[in-house]
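Peer 1: What follows is a predicted structure for the sequence shown.
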Amino acid sequence: MEQKHLPQELLKASISEKVTFFVNYTMAHPHLIQTFNEVMQSVYQAPGISLIFVVGATGVGKTTLLRRLEQKLTEKALPELQHNQGKVPVIGLEAKAPEFSQFDWKDFYIRLLKVLNEPLIEKKINYGQSCSKWRSAVESTLIHRSPDAFYIDEAHHLAMLPSGRKLKDQPETLKSLANLTQVKIIPTGTYDLLPLIDLGDQLCRRSKTIHFQRYHAENSQEAKAFKSVLQTFSQYLPLSQQPDLLSNWEFLYERSLGCVGILKNWLSVTLNDVLDNDRNARTITLSDLQRHALGVRQCLVILKSITIGEQQLQESPEDLLNLQKGLKLVSLAHGIAQEKNTQGKKDKKNTHSPIAQTSPRRYPLKNQEPEKEDKETEIFQSL
C-alpha cells in the first residue's frame, strides 16, 4: 500500500531525518492514556498522596509517558509562570545505578540541584560536605522552585542495596522530602521497583502505585488495541510503501511481549538498517524484522520478570479474605448468616404447623376405660 499519511518532503529527506522523525513520533494508545490520566489525577487531585509509584515492564513506554507528563504539566503551569518566573513546573532526574552496591544519595542531590538550575552550583560543589547539607540545599531549592511534580526515572536503582535491612530507608527518604517541600515525587521504574512499595503503614497511606500495563494477547480487546498500534506505526514509517505489519502481528507481539516501547525501538532499528542498506528502500519486510528481533532467550528472561511483577501487583482472593478476617468481617458475616439461617428454619417450621391441633392425650384401647387423668383432661377442655 502506498504511503499516504506522510508529506512527500519527508519521503525525500535524508536517512537520519527519516529515522529521527520516527524515533520522535509518539502515539496515544489505550494503556498509555490510562496511565497518564491516573498520574495527572494523582498530581492535582490527591492532596494526601506524596509518592506516586509508576511501575511496568521494561520497554512498556515509560519514557514516552514521562515526556508527555513534562509537556502537559508545563502547559498547565503557563498562567502561573507569568507572575512567578522562578517556578519550574516539573523536574526529572534519572537515578544512577550504584557502582558499589550502595545508592549514592549525595550524588543524587548534587545532580538534582543542577537540574533545578541552582545559581552557581558548580562553584558551590564541595564533595567533602556531608549528605545532610546537600539534602538541606535540595529542600530549600525545591521550595523556591515549587515544581508540581518531580519524577525519578529508573527509580528501581534505589532498591540496589547490599542489605535488605535498609530497604525501607529509601522510600522513607523520598516521602520525607516530598512532605517537607510539598512536591509530588513520581518514582518510575520496572518491576524491580516493587520491593520499595508498601514497606510501612505511613508509606502505604501516603503513596499510590500505578501499573503501566503491557498488552495481553489472550484478551480480545487488548489484542485489538495492539493491532491498532501496529497499523498506526505502519502509517508513520517514512517509507514509500507501508509495511504490512498486521499480517505478522503474532510474531511482532511475540518478540515485543506486548510492550509498545520494545516494538517502537525494534521498528526504529529495522528502519535505520533498511535505509542504510538501500536509501531508496520502499518498505520493511518480514525478513528485515526477523533480523533485528529480540532472541527467544532474551524474551524468556523479560517474560519471567514480567510474570513475577504482574503476579505481585494482582490482588488475590486470599489477600481479600485475610483482610476481612483481620477486620473480623468474616466472623461477623458468618454470625449474621447463621442467625438468618436459624430464623429461616423457625419460620419454615411455623409455616408448616397445623392450624388446629389437639392437646396431647392418651386414647383408650378398644374395650378399655379411659384413665382418670384423661377424664380430667376432657372435663378441663370442656369448661
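Peer 2: Received, thanks. Residues are numbered from 1 along each chain as shown.

Peer 1: quick one: contacts of stretch 230-239?
Peer 2: 3, 5-6, 10-11, 13, 18, 21-22, 25, 27, 242-246, 249, 252, 263-264, 267, 271, 274, 281-284 (CB atoms under 8 Å, 6 or more residues apart in numbering). The way it works is simple: take the backbone N, C-alpha and C, and place the C-beta from them, glycine included.

Peer 1: So which of those residues sit within helices?
Peer 2: Leu10, Leu11, Lys18, Phe21, Phe22, Trp249, Leu252, Leu263, Lys264, Leu267, Leu271, Val274 (DSSP state H).

Peer 1: List the contacts of the fourth one.
Peer 2: By CB under 8 Å, 6+ apart, the contact set of Phe21 is Leu10, Ala13, Pro238.

Peer 1: just to revisit the earlier point, among the contacts of stretch 230-239, which ones are buried?
Peer 2: 3, 6, 18, 21-22, 242-243, 245, 249, 252, 263-264, 267, 271, 274, 281, 283-284 (16 or more other CB atoms under 10 Å).

Peer 1: Generate a markdown table for the contacts of Phe21, with pLDDT and distance to Ser130 as supplementary columns.
Peer 2: Shown next, in a markdown table, are those (pLDDT from 0 to 100; distance: CB to CB, whole Å):
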| residue | pLDDT | distance to Ser130 |
| --- | --- | --- |
| Leu10 | 90 | 54 |
| Ala13 | 91 | 53 |
| Pro238 | 94 | 53 |
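
Peer 1: Export these to a markdown table and append columns for distance to Ile302.
Peer 2: Shown next, in a markdown table, are the contacts of Phe21 (distance: CB to CB, whole Å):
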| residue | distance to Ile302 |
| --- | --- |
| Leu10 | 33 |
| Ala13 | 34 |
| Pro238 | 29 |
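
Peer 1: Tell me the one among these nearest to Ile49.
Peer 2: Pro238 (41.8 Å; CB to CB).

Peer 1: Would you confirm that the closest one belongs to a helix?
Peer 2: No. Pro238 is assigned coil when assessed by DSSP: H, G, I helix; E, B strand; the rest coil, not a helix.

Peer 1: Excluding chain neighbours, what is closest to it?
Peer 2: The shortest distance from Pro238 to any non-neighbouring residue, by CB to CB, 6 or more residues apart in numbering, is to Lys18 (4.1 Å).

Peer 1: ok, the one you found - contacts?
Peer 2: Applying CB under 8 Å, 6+ apart to Lys18 gives the contacts Leu10, Pro238, Leu271, Leu275.

Peer 1: if we can go back for a sec, pick out whichever of the ones in helices among the contacts of stretch 230-239 sits closest to Leu142.
Peer 2: Out of those, the member with the shortest distance to Leu142 (by CB to CB) is Lys264, at 33.0 Å.

Peer 1: low pLDDT regions in the stretch 201-350 of the chain?
Peer 2: 331-350 (pLDDT under 70).

Peer 1: all helices for it, in order.
Peer 2: 201-206, 220-236, 249-256, 260-277, 286-292, 296-313, 317-326, 329-351 (DSSP state H, counting those that start in this stretch).

Peer 1: residues near Glu310, how many?
Peer 2: The number of residues packed near Glu310 is 16, by other CB atoms under 10 Å.

Peer 1: likewise Lys168?
Peer 2: By other CB under 10 Å, neighbour count at Lys168 equals 14.

Peer 1: same check, this time on Thr64
Peer 2: Thr64, neighbours per other CB under 10 Å, totals 18.

Peer 1: for stretch 230-250, how far is the first residue from the last?
Peer 2: Taking CA to CA, to the nearest Å, stretch 230-250 runs 11 Å from one end to the other.

Peer 1: got the buried residues for it?
Peer 2: 230, 233-239, 242-243, 245, 248-249.

Peer 1: Stretch 308-322 too?
Peer 2: Buried-residue list, stretch 308-322, by 16+ other CB under 10 Å: Gly309, Glu310.

Peer 1: end-to-end on it?
Peer 2: 21 Å.

Peer 1: before we move on, the earlier item: including distance to Glu222, could the ones in helices among the contacts of stretch 230-239 go into a markdown table?
Peer 2: Shown next, in a markdown table, are these (distance: CB to CB, whole Å):
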| residue | distance to Glu222 |
| --- | --- |
| Leu10 | 31 |
| Leu11 | 33 |
| Lys18 | 30 |
| Phe21 | 28 |
| Phe22 | 24 |
| Trp249 | 12 |
| Leu252 | 14 |
| Leu263 | 14 |
| Lys264 | 17 |
| Leu267 | 20 |
| Leu271 | 26 |
| Val274 | 29 |
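
Peer 1: Nearest to Leu113 among the residues you listed?
Peer 2: Once CB to CB is applied, the member of these that ends up nearest Leu113 is Lys264, at 33.0 Å.
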